[in-house]
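*Asks:* what follows is a predicted structure for the sequence shown.
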Amino acid sequence: MSSSTVADARTFWELLERRVAETPDAPMLIQEVDAARGQDRVLSFREVRDRALRTAAGLHRRYGVGEGTRVAWQLPTRVETVVASLALARLGAVQTPVIAIYRGAEVAQILREARPELYLVPGEWRGFDYLSFARKLAAELPEPPRVLVAYAEDDLPQGDRDAVAALPAPPRTDLSDKRAPIRWVYYTSGSTGAAKGALHTDRTLIAGGVGLADALGMGPQDVGSIAFPYAHIGGPDYLVTMLVHGFPALLVEVFALPDALPAYTRQRVTMAGGSTAFYAAFLAEQRTRPPGERLLPSLRVISGGGAPRPPEMYREVRDELGCVLAHGYGMTEVPAICMGSPDDTPDQLAHTEGHPVTGVEVRIVRTADGAEAADGEDGEVWLRGPMVCRGYTDPELTRECFSVDADSAGLLPWLHTGDLGHLREDGHLVLTGRLKDIIIRKGENISAKEIEDLLYQDPRVGAVAVIGLPDPVRGERVCAVVERRPGVEPPTLAEVAVLLRAAGLMAQKIPEQLEVVDALPRNDTLHKVLKHELRALFAVLPWQDPALAGPGPGLTQG
């Protein structure tokens, strides 16, 4: 099925039906069921469709779920989770997926805003009682949702043939209509404040997935993997890619190496990934193997996005894992923006976030005067296109982050991402930081990412985050926080300075402070580094200005 054919599909359900019509018995979802015996469960596209129909029939008959019914689900990455979500799509429900490992205030906020009529949970999972947790939260809401255990037959019965036949017609949505109904509400992780709810239609998610499919060029011979939470925006994004090209994916409920490797090997996975932290995990495991022994011989592409990727990591993946690293750029508001392609040059794969995907417009706007930047000139990244969300649950945030050109009547508004970067002459995007991640030292704007990419080249550094900390003299000082690499002594502050000077970094950008930690704090979805936690920690710890200290190897705290 070509992406142009998919573009005509108006809903997720129509997209699935088209794939079933073409390759009904091809495998779609794979999941390990018995690690000790090496047994996997495999469902075809037709089997997934039929199970989703029966689930939809059960939801409709018992609970009256139909078009517009608000349903939140907080479920791990399982076959049953994908089936339940497709069943809700068949009914035209408004889905609010919640990452399974979210807890407390964050989930409470999401439920208050989403006001679900049903709230699906896994029962007990990984030692946590979700049913009690959900009931407690629901009881505190003005309109308590009905809490269901999604994997229990008593709570989510499968409808019989008569119940399936009695289902109302699938909802229809004109993909050319900007006012298509909201079917999905995806919340950001809230890593720097309250979670933001991005409003998506079937159209926005399909458009993002088609862009990803075009860039990666997967085929029926491939086997993908979903090792990140399916409740993340990347879940439907990847699902569309599978439906476009007709390939299966291995679902990994808990991504941990080396435990997950046997399933990857048995199924001969050809594309793996998730984010930079996932690449690093595969590299770390590869380094435990004898020279010349490939971790995953079938792997040809490792891909993902959601967090910065140091250019040096491209070379490491190529040389050590023996495959292509095709990194991309996406966000909860826009599931696919740019994507590296296996056909890109090594320079493009190492030093850019890829080319803008099919359908997205990228504009770089100068922060000083709001004018459009030239090729190679940094500015804020603005986006427009069919995959951009239709706003936020908070109308004020929508007004703040979206704008419409005076001369672009009828076109979608621009989303102001808060990301900084530039477009190269070849059309590929380079991200250089965040508006909120710029360090201002004595009036000089300093990009944290530039320093991070250089520090990552030091083999003694496992991962690195550069932050600005309050300073009475400089306004902000530059602090590098490095993660220890096992069995290796980390560099000193003086050695860091030598490395950065040798790379040609100007003196004003060289860190005044170095902190060493066993592990950087990360969020629970794509494992992004939580810089606000680092700022809060190191801003209050004692610090000695190296300019005032005596001679020595450099200051290293932590």
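*Replies:* Yes, it's here.
*Asks:* wait, what's in contact with the residue minimising distance to the centre of the chain?
*Replies:* Ranked by distance to the mean C-alpha position of the chain (C-alpha atoms, centre = their mean), the top residue is residue 306 at 4.5 Å. Residues near residue 306 by C-beta atoms under 8 Å, 6 or more residues apart in numbering: 234, 274, 275, 276, 330, 331, 525, 526, 528. In this view, the C-beta of every residue, glycine as well, is placed from N, C-alpha and C.
*Asks:* narrow those residues to those in strands?
*Replies:* When these are checked against strands (DSSP state E), the matches are 274, 330, 331.
*Asks:* what is the burial count for the second one?
*Replies:* Okay, so that is residue 330. Using other C-beta atoms under 10 Å, residue 330 has 24 neighbouring residues.
*Asks:* so which residues of the stretch 451-558 of the chain form strands?
*Replies:* 461-471, 475-484, 513-517, 556-557 (DSSP state E, counting those that start in this stretch).
*Asks:* burial count for the residue nearest to residue 211 when sequence neighbours are not counted?
*Replies:* Closest residue in space to residue 211, ignoring its immediate chain neighbours: residue 357 at 2.8 Å, by C-beta to C-beta, 6 or more residues apart in numbering. Neighbour count of residue 357, defined by other C-beta under 10 Å: 29.
*Asks:* could I get the contacting residues of residue 470?
*Replies:* Residue 470 neighbours (C-beta under 8 Å, 6+ apart): 476, 539.
*Asks:* of all the strands of the stretch 451-558 of the chain, which one is nearest residue 433?
*Replies:* Set against residue 433 and scored by C-beta to C-beta, the strands of the stretch 451-558 of the chain come closest in strand 461-471, at 9.6 Å.
*Asks:* these two touch, right, residue 101 and residue 524?
*Replies:* Yes. The criterion here is C-beta atoms under 8 Å, and residue 101 meets it with residue 524 at 4.6 Å.
*Asks:* mutual contacts of those two, please.
*Replies:* With C-beta under 8 Å, 6+ apart, residue 101 and residue 524 have common neighbours residue 229.
*Asks:* of the contacts of residue 306, buried ones?
*Replies:* Buried by 16 or more other C-beta atoms under 10 Å: 234, 274, 275, 276, 330, 331, 525, 526, 528, out of the contacts of residue 306.
*Asks:* how about low-confidence regions in the stretch 1-150 of the chain?
*Replies:* 1-7 (pLDDT under 70).
*Asks:* the same query, at a cut-off of 50, please.
*Replies:* Low-confidence segments of the stretch 1-150 of the chain (pLDDT under 50): 3.
*Asks:* now the strands for it?
*Replies:* 27-34, 39-44, 70-73, 94-97, 118-121, 124-125, 128-129, 146-149.
*Asks:* can you tell me how far the residue nearest to residue 211 is from residue 213?
*Replies:* As judged by C-beta to C-beta, to the nearest Å, residue 357 and residue 213 stand 9 Å apart.
*Asks:* one more: residue 258?
*Replies:* Relative to residue 213, and taking C-beta to C-beta, residue 258 is found at 30 Å.
*Asks:* for the strand or helix carrying residue 336, packing partners?
*Replies:* Assigning secondary structure by DSSP states H and E places residue 336 in strand 334-339. Helices and strands touching strand 334-339, by 3 or more C-beta pairs under 8 Å, 6 or more residues apart in numbering; DSSP states H and E, are helix 202-216, helix 234-245, strand 324-331, strand 355-356.
*Asks:* quick check: mean pLDDT across the first one?
*Replies:* In this model, helix 202-216 has an average pLDDT of 92.
*Asks:* now do the third one
*Replies:* Average pLDDT, strand 324-331: 94.
*Asks:* where does the stretch 151-300 of the chain dip in pLDDT?
*Replies:* 190-192.
*Asks:* recalculate using a threshold of 90.
*Replies:* Residues of the stretch 151-300 of the chain meeting the criterion pLDDT under 90: 171-180, 188-195, 217, 273-277, 280.
*Asks:* can you name the next helix or strand after the strand holding residue 336?
*Replies:* Strand 334-339 is succeeded, C-terminally, by helix 346-351 (DSSP H and E).
*Asks:* what does that following helix contact?
*Replies:* 311-312, 314-315, 318, 324-327, 340, 354-355, 426, 428, 430.
*Asks:* ok, so of the residues you listed, who is nearest residue 504?
*Replies:* residue 311 (14.9 Å).
*Asks:* skipping adjacent residues, who's closest to that closest one in space?
*Replies:* residue 350 (4.5 Å).
*Asks:* same check on residue 195?
*Replies:* residue 187 (4.3 Å).
*Asks:* so that neighbour bridges to which residues?
*Replies:* For residue 187, the beta-bridge partners are residue 197 (DSSP bridges).
*Asks:* right, and it touches residue 196 too?
*Replies:* Yes. With contacts counted by C-beta under 8 Å, residue 187 reaches residue 196, the gap being 6.7 Å.
*Asks:* quick check: neighbours shared by those two?
*Replies:* The contact sets of residue 187 and residue 196 overlap at residue 332 (C-beta under 8 Å, 6+ apart).
*Asks:* have a look at these two and say which one is more surrounded.
*Replies:* residue 187 (26 against 19).
*Asks:* contacting residues for that one?
*Replies:* 96, 98, 110, 195, 196, 197, 198, 332.
*Asks:* 6 Å instead, please
*Replies:* Shown in contact with residue 187 (C-beta atoms under 6 Å, 6 or more residues apart in numbering): 110, 195, 197.
*Asks:* ok, now how distant is it from residue 232?
*Replies:* 10 Å.
*Asks:* residue 397 sits in which helix or strand?
*Replies:* helix 395-401.
*Asks:* would you indicate which residues of that helix are buried?
*Replies:* Those would be 398, 401, for helix 395-401 by 16+ other C-beta under 10 Å.
*Asks:* need the contact partners of that helix.
*Replies:* By C-beta under 6 Å, 6+ apart, helix 395-401 touches 391, 392, 416.
*Asks:* ok, now how distant is the closest residue to the second one other than its chain neighbours from residue 262?
*Replies:* In space, not counting the residues next to it along the chain, residue 392 is nearest to residue 398; the distance is 4.9 Å by C-beta to C-beta, 6+ apart. Between residue 398 and residue 262 the computed distance is 46 Å (C-beta to C-beta).
*Asks:* what do you get for residue 243?
*Replies:* Residue 243 sits 27 Å away from residue 262, going by C-beta to C-beta.
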